[in-house]
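Trainee: Build me a structure from this.
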Amino acid sequence: MALMAIAVPILPGKTEQWKRFVDELNGPRRAEFEESRCCLGVHERAFLQTSPHGDMVIVTLEGPNPEEAFRQFGTGTDDFTRWFVQQVKEIHGMDLSQPALWSMPTLEVDSAQKIEKKAA
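Mentor: Here you go, the predicted structure:
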């Protein structure tokens, strides 16, 4: 199993919308959310982090290939995926249906194992 974490800023004034989004994921859309992540082969967790610089969400994905699962989040054509992609776009300004404009995060420190860095 591999683990990936990504910090995603919440756009100013959108924290309450994010909380409603989470309520949907934990409530009426729970089964769709679980099925989606099962099909992608990941276990997803999200943490709300508030700071003087604004709110952000820290998302962890755990599974055989979390980076690929993240790339596939916005590729589905079902109602749940379309709703999820729209919510993420409104709340975070991130369009999951398009390729990411940044590189995937890299693991730098792990207290359980030494991280070998590749030469640049």
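Trainee: by contact count, what packs against the longest helix seen in the chain?
Mentor: Ranked by residue count under DSSP state H, the longest helix found in the chain is helix 79-92. When contacts are defined as 3 or more C-beta pairs under 8 Å, 6 or more residues apart in numbering; DSSP states H and E, helix 79-92 sits against helix 15-26, helix 30-40. Heads up, the C-betas are built off the backbone N, CA and C, glycines and all.
Trainee: Buried residues of the first one, list them for me.
Mentor: What that stands for is helix 15-26. Buried positions in helix 15-26, judged by neighbour count with 16 or more other C-beta atoms under 10 Å: 15, 18, 21, 24-25.
Trainee: thinking again about what came up before, now the helices and strands packed on helix 79-92 as TSV including distance to Q113 and mean pLDDT?
Mentor: As requested, the helices and strands packed on helix 79-92 are exported to TSV (distance: least, C-beta to C-beta, whole Å; pLDDT from 0 to 100):
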stretch	distance to Q113	mean pLDDT
helix 15-26	32	98
helix 30-40	25	97
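Trainee: Put together JSON lines for those helices, with distance to K117 on each row.
Mentor: Shown next, in JSON lines, are these (distance: least, C-beta to C-beta, whole Å):
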{"stretch": "helix 15-26", "distance to K117": "34"}
{"stretch": "helix 30-40", "distance to K117": "29"}
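Trainee: out of those helices, nearest to L48?
Mentor: helix 15-26 (7.4 Å; C-beta to C-beta).
Trainee: Show me what the closest one is packed up against.
Mentor: Identification of packing neighbours for helix 15-26 by 3+ C-beta pairs under 8 Å, 6+ apart yields strand 43-49, helix 79-92.
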